[in-house]
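Student: predicted model follows, preceded by the sequence.
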Amino acid sequence: MSKVISVKKKSYLSGLPDIDIDFGINPIKSLDRRDLIRYLEEKYNNGENIHVAAVGNLNLYALKSAILDLASTFEIPPSETFAMTKGLNDSISIAESKVKNKKVKDYFDKYPQIEEYAETMVGVGRNLSMHAGGVIISDKDYPMNRFIALQKCDDIYASVYTKDEIEKMGFVKMDILGVNALTQISYCNYLINGKWDVAVEDHKETPEVFQFIKENVRHKNVFQLETPLGKKCLKDLKIKSIQDLANASGLIRLLGTEDGRKLYEQYRQNSKLVEVGDNDSWKIQLAEEIKDPENLKICEEILAPTYGVMIYQEQLINLIVGLSRGKYTFNDGNKIRKKLGLLVKTHGLIDDVQASETQIKAWHKDLFDLLNVYLIPFLGKDGLESDDPDVIDFINCTLRTKKNGRKILPIPEKGILNWFVIGSTYLFSIIHSVGYSVISYNQMYQKTYHPVEFWTSALALTTKYSDFIEAMQSESGINILPPCVNKSSYNFSKASESEIRFGLNGIKSLDKAAAEIINKRELGGEFKSVKDFVDRVNKSVINKKVIRNLLFSNAFNCFGEVRKVYAELIAINKNFEEEKAITNRVIEREEFEVLTTNISFMPEDQKEAKKYTSLEEITPNSVASCMIKIEKIAEKTTKNNKPYLLYTARCLKSNTKKNLFCWNAQATLKVGENYIFPVSRNDGDFYTLKA
């Protein structure tokens, strides 16, 4: 298993160590995260003494889940409850929802007993489960079962206590997570050199890879970078090193708030200047914000890797250490950082806090209670002196009244105060960011220098074939060949430097049958005809359904085209006949059914769709014409009772499904019909149909 390990050390004051281990599974040997936990159990458990267990989760009732369980208890038809919950806003009370939505009112008028109990259940434990990644290992002198109640989840011990309760008892939680990108990197290396244990760090930084990163903004199947925000960062920012990739990774996490977006824009401008050779502009800008020469030198050194912008937790901690002239250690700084982070838990994000004059004043007081101890005393005579009205009003908590009458607190857009405001919302760890970016870079390296192996491994680890095949063809110019009983491997395989062969296991219902076909082929040589195939294979494994799926996946292509093979199958076995006529439409439909994509038999409407943009190709905050097929229509209403339509649509160019919002509630589109419409996409990856 490939792994990336990060350990963030904390002082006694700031809590226990936080250990994260990301693993790639080994599909060749069918090993996954659970096998690792079982290995740890075998290594450390001693008879009745349990030293290894997964961390438990206590799942709590939310309003909707409480209503659903109560409705089941009172034997209310599920269809009625589901229809009502679509209009229920679980962030407000049932009484308020009844006023805003007639369906909600009618439901609770009919079933008052549900309303009576539902809200009292919110926050009550619903069930116990197992944490997605948390594992605890106790010392040999402290068997876990003497201190913690345990449960069995799929033959793995798990604590009944939650993560927070475990840590209060002094046990250290480790996150052992499976990362598909690590699996893909190892699988690709295995295809290149036949070894599974090649370390991900073996791939060196090269200019060609970073050039490929800049030119190819789709990045399907590249960790972190295939998301809309990832693509935006790649398009906007200077990316010439893994450090730059790590900076982009950290910035992605900041784009959820207004202040974070401003910081992103500042980084974008500074990095562009550095890219054209202007290495001093950000330093000059920093000097305008920080007047004290010693403080300026400290800030320059800490912020140099990020061009004068604070992105990482460690930068905030090092600022506290540096500006305090060593009075506070790194561990103390981490404790202070966590205290800043508690502002969000206590008050919410600054954008939300601004909605209430009382909340913003409470937030400001708690922030300056920290700054007055850990920052301001060390800034010197020029520290916070400023003629900037925003800074003055921010320090004094002077609210400004906007045109709509709303009062807000101005937030300094630059400088040390701005950094600590950002630090009170969310900053990513540089350890995680660099580790994740090494993964991303290695995938880009493989895609640049070993594209066939890269896409072969990617297809072997997904079931979204059509989406990957379309990206593979447009990004790397690699073609996909149909499955073949005489040429296909169990999984996807390299056919040439520009072709990948579809694997037999990718055909619907062919798991055991794929192994049987390959076994018979290896023992007796290639199949000479359909009859030879039918005669040699095990009839209990290769049944009528399997043969039908092989036929329509075009896996018998070595014996002739589909209609010819179909006639031969009928001649061999009269019971095989099912279709009255094998039309082009039948062949296209059936191939898609058994492969979830079309390879040999491209439908005419899909050929037409090639003239248009696929939904995936629409860049954020833009509009493009797409050819889509409507598969489902749902009538919806917003929390404010504004009606809209939600379409489940298939993009006929990429053959992928997306949900499309349509704010024209009077639109008359029909299920099963094809349409060409402009579609918009925003930063949050929401698609809107301009019908």
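Tutor: That came in fine, so what should we check first? Residues are numbered from 1 along each chain as shown.

Student: distance of I28 from K64?
Tutor: 42 Å (CB to CB, to the nearest Å). Where you see a C-beta, it was placed from the backbone N, CA and C, and this is true even at glycine.

Student: over to L459?
Tutor: Taking CB to CB, one finds L459 at 38 Å from K64.

Student: compare the two (neighbour count), which wins?
Tutor: Legend: neighbour count by other CB atoms under 10 Å for L459 and K64, higher for L459 (23 against 16).

Student: so which helix or strand takes in that one?
Tutor: helix 451-460 (DSSP states H and E).

Student: which residue ranges form the strands in the stretch 401-550 of the chain?
Tutor: In the stretch 401-550 of the chain, the strands defined using DSSP state E, counting those that start in this stretch lie at 407-408, 479-481, 493-496, 499-501.

Student: now do the helix or strand where D352 lies: everything it contacts.
Tutor: Secondary-structure element containing D352, defined by DSSP H and E: helix 350-353. Contact with helix 350-353 is made by T257, E258, D259, H347, Q359, I360, W363, I411, V421, S424, T425, as judged by CB atoms under 8 Å, 6 or more residues apart in numbering.

Student: tell me the domain boundaries of this protein?
Tutor: The record's domain parsing of the chain by automatic domain parsing lists 3-60+127-182, 63-122, 283-427, 482-602, 610-689.

Student: for W455, find the nearest of the ones you listed.
Tutor: Proximity to W455, assessed across the domains of the chain by CB to CB, is greatest for domain 482-602 (6.1 Å).

Student: the longest strand seen in the chain packs against which elements?
Tutor: The longest strand of the chain (DSSP state E) is strand 622-637. Contact here means 3 or more CB pairs under 8 Å, 6 or more residues apart in numbering; DSSP states H and E; on that basis strand 622-637 packs against helix 604-609, strand 643-651, strand 674-681.

Student: circling back: the helix holding D352 - what's its average pLDDT?
Tutor: Averaging the model's pLDDT scores along helix 350-353 yields 78.

Student: then stretch 134-146?
Tutor: Stretch 134-146 comes out at a mean pLDDT of 87.

Student: how about it: buried residues?
Tutor: G134, V135, I136, I137, S138, P143, M144, N145 (16 or more other CB atoms under 10 Å).

Student: how far does that stretch stretch from one end to the other?
Tutor: 20 Å (CA to CA, to the nearest Å).

Student: now do it: distance to the chain's middle.
Tutor: For stretch 134-146, the separation from the chain centroid amounts to 32 Å (computed by CA atoms, centre = their mean, to the nearest Å).

Student: which residues of the stretch 401-550 of the chain fall in helices?
Tutor: Secondary structure of the stretch 401-550 of the chain, counting by DSSP state H, counting those that start in this stretch: helices at 415-423, 430-449, 451-460, 465-476, 511-524, 530-536, 544-552.

Student: contacts made by the host helix or strand of I166 with the rest, please.
Tutor: In the assignment (DSSP H and E), I166 maps to helix 163-168. With contact meaning CB under 8 Å, 6+ apart, helix 163-168 is reached by G15, L16, V55, N57, H131, G134, I136, I148, S159, K173.

Student: stretch 211-228 too?
Tutor: Here stretch 211-228 has contacts from 179, 181, 184, 230-231, 233-235, 239, 245, 249, 252, 436-437, 439-440, 443-444, 447-448, 458, 462, 467-468, 471-472, 474-475, 616-617, 619-620, 681, 683-685, using CB under 8 Å, 6+ apart.

Student: now do 7 Å
Tutor: Under the criterion CB atoms under 7 Å, 6 or more residues apart in numbering, residues 181, 230-231, 234-235, 239, 249, 436, 439-440, 443-444, 448, 458, 468, 471, 475, 620, 683, 685 lie in contact with stretch 211-228.

Student: re the thing from before, figure out which of the helices and strands packed on strand 622-637 is closest to R126.
Tutor: So among the helices and strands packed on strand 622-637, strand 643-651 is nearest, using CB to CB, at 28.0 Å.

Student: mean confidence score for the helix holding I166?
Tutor: 82.

Student: for that helix, buried residues please.
Tutor: Those would be K163, I166, E167, for helix 163-168 by 16+ other CB under 10 Å.

Student: adding distance to L399, write those residues out as CSV.
Tutor: Rendered in CSV, the data for those read as follows (distance: CB to CB, whole Å):
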residue, distance to L399
K163, 39
I166, 43
E167, 39
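
Student: which one of those sits closest to D20?
Tutor: For the buried residues of helix 163-168, the nearest to D20 is K163 (13.3 Å; CB to CB).

Student: of the buried residues of stretch 134-146, which belong to strands?
Tutor: G134, V135, I136, I137.

Student: the nearest residue to the last one once chain neighbours are set aside: what's it in contact with?
Tutor: Counting by CB to CB, 6 or more residues apart in numbering, I137 lies nearest to V52, which is 5.3 Å off, once chain neighbours are set aside. V52 makes contact with L40, E41, Y44, N45, V135, I137 under the criterion CB under 7 Å, 6+ apart.

Student: what are the bridge partners for L645, then?
Tutor: E635, C662 (DSSP bridges).

Student: should've said M174
Tutor: Under the criterion used (DSSP bridges), M174 bridges to I19, V135.

Student: quick check: it vs F108, distance?
Tutor: Between M174 and F108 the distance is 46 Å, computed by CB to CB.

Student: could you do K262 as well?
Tutor: For K262 relative to F108 (CB to CB), the value is 44 Å.

Student: who has more neighbours, those two?
Tutor: F108 (21 against 16).

Student: reformat the contacts of helix 163-168 as JSON lines; add distance to E119.
Tutor: Listed next are the contacts of helix 163-168 as JSON lines, based on distance: CB to CB, whole Å:
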{"residue": "G15", "distance to E119": "34"}
{"residue": "L16", "distance to E119": "36"}
{"residue": "V55", "distance to E119": "30"}
{"residue": "N57", "distance to E119": "23"}
{"residue": "H131", "distance to E119": "28"}
{"residue": "G134", "distance to E119": "31"}
{"residue": "I136", "distance to E119": "35"}
{"residue": "I148", "distance to E119": "33"}
{"residue": "S159", "distance to E119": "30"}
{"residue": "K173", "distance to E119": "33"}
